[in-house]
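Trainee: just need the structure, nothing else, for what follows:
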Amino acid sequence: MKIELNVPKLSAARHVASGGILDLSVQQSDDAPWIAVDGDRRPLWTLERASRLPPRLAEAVPKGFVGLIIGRNIPKDERMMLERDSLSWWDLNGSLHVDLGDRVIRIEGSPSARGPADSDRQRRLGPLGTRAAQELFAGPRGMRWSINELAERSGVSVGQAHNVLTSLERDGIVESVGRGPSKRRIVLDEGALLEWLRRSESLLRRPTGVFSYLYARNEMDLARRAHRAMSDAGVRYAVTSALGSRLWGVPVMTSVVTQIRVASSDLGSLRAMLSLPELNADEAGRGANLELWTDTGAVGTHSALERDGVMVAPQSRVYLDLIRLGGRYADGAELLREKLLD
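Mentor: Model prediction:
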């Protein structure tokens, strides 16, 4: 059996080598996407999987086309849902399911070739590696990055910057151009980089912080009051989550509690220094409108920018924090993601 794919995304093609699917060959051309199984060629409709699949996906596939969902880690429940809707999927970790209507092909990758190696690698990179990857995402599209430049912009060591670029190149997300001292890296696919960051973030628990309260007319008034208090105390901070997204021009939702990342590991002492009232666990659920998070690795504060009179975390960090909060926050994250990849 021979399966051929013509797909428009270079990042997908580059993952074939690590996918381990011997019967699959991938090419790129100016032709519209197509799939051929043993010479039987069909038009192809493709979608790169984000953190969750959009509803009523099958209805978007034109009649006569094979609908193919491509992702670096497609969970079992999503696979079953896609198969129920007669859709095909390609997990770039090594598995493929193709539904041609009159024929179904299934190739399962070996468990040892999938997920854990990538997860372990990203976990070892830690928050500093995440900060460097966020800086890559924030840079101009098509920018040629040197290791030293990434290290300088993100405030990490040259070794850490090298590790991040090497990992992303291994995953087909960045590409090397040039040699020796003139060697540079280019981000090939911003969507793939954001998904790489999301996968890394999914290994972490929801941030835990301290809850408090500030008298304010609304969330922007609260943020500005917090800004004055932090500035007077000389504390670096960055608004994130729902209000952070609003400050970046995407009002995903109105949140009762505003999350702020702060450059402090002793949140209790910081709360007292800022003269913020202490709320116990029961009170936090009812009366809090402010939650302070320790900004581990300075992922929010290092490259924070001022918008509307307050400091806001980088766009990718705001997106990742929405994902980590889960629930309706994660739903809102998809609206922000659309803007980030526009």
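
Trainee: when you work out contacts or count neighbours from here on, use the C-alpha atoms and nothing else.
Mentor: Fine.

Trainee: which phi and psi does I147 have?
Mentor: Here is the backbone geometry of I147 (degrees, to the nearest 10): phi -60, psi -40.

Trainee: for the one 3 residues further on, same thing?
Mentor: Main-chain dihedrals, L150, degrees, to the nearest 10: phi -60, psi -40.

Trainee: what sits against it?
Mentor: Neighbouring residues of L150 by CA atoms under 8 Å, 6 or more residues apart in numbering: 132, 135-136, 161.

Trainee: same list (those residues) but as JSON lines, adding secondary structure and distance to G155.
Mentor: Compiled in JSON lines, these are given as follows (DSSP: H, G, I helix; E, B strand; the rest coil; distance: CA to CA, whole Å):
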{"residue": "A132", "secondary structure": "helix", "distance to G155": "8"}
{"residue": "E135", "secondary structure": "helix", "distance to G155": "10"}
{"residue": "L136", "secondary structure": "helix", "distance to G155": "12"}
{"residue": "A161", "secondary structure": "helix", "distance to G155": "9"}
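
Trainee: okay, those residues in JSON lines with distance to L92 and neighbour count next?
Mentor: Shown next, in JSON lines, are these (distance: CA to CA, whole Å; neighbours: other CA atoms under 10 Å):
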{"residue": "A132", "distance to L92": "24", "neighbour count": "27"}
{"residue": "E135", "distance to L92": "25", "neighbour count": "20"}
{"residue": "L136", "distance to L92": "23", "neighbour count": "23"}
{"residue": "A161", "distance to L92": "25", "neighbour count": "26"}
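
Trainee: now stretch 2-18: average pLDDT?
Mentor: Confidence over stretch 2-18 (mean pLDDT, whole number) is 61.

Trainee: and for stretch 298-314?
Mentor: Confidence over stretch 298-314 (mean pLDDT, whole number) is 97.

Trainee: what's in contact with it?
Mentor: Counting by CA under 8 Å, 6+ apart, 127-128, 130-131, 134, 138, 154-155, 223-224, 227, 236-240, 244, 247-248, 261-263, 295, 317 sit against stretch 298-314.

Trainee: show only the entries of those found in strands.
Mentor: Among the contacts of stretch 298-314, the residues falling in strands (DSSP state E) are 237-239, 261-262.

Trainee: taking the residues you listed, tell me the two that lie furthest apart.
Mentor: The largest separation in these, counting by CA to CA, is between V239 and V262 at 8.8 Å.
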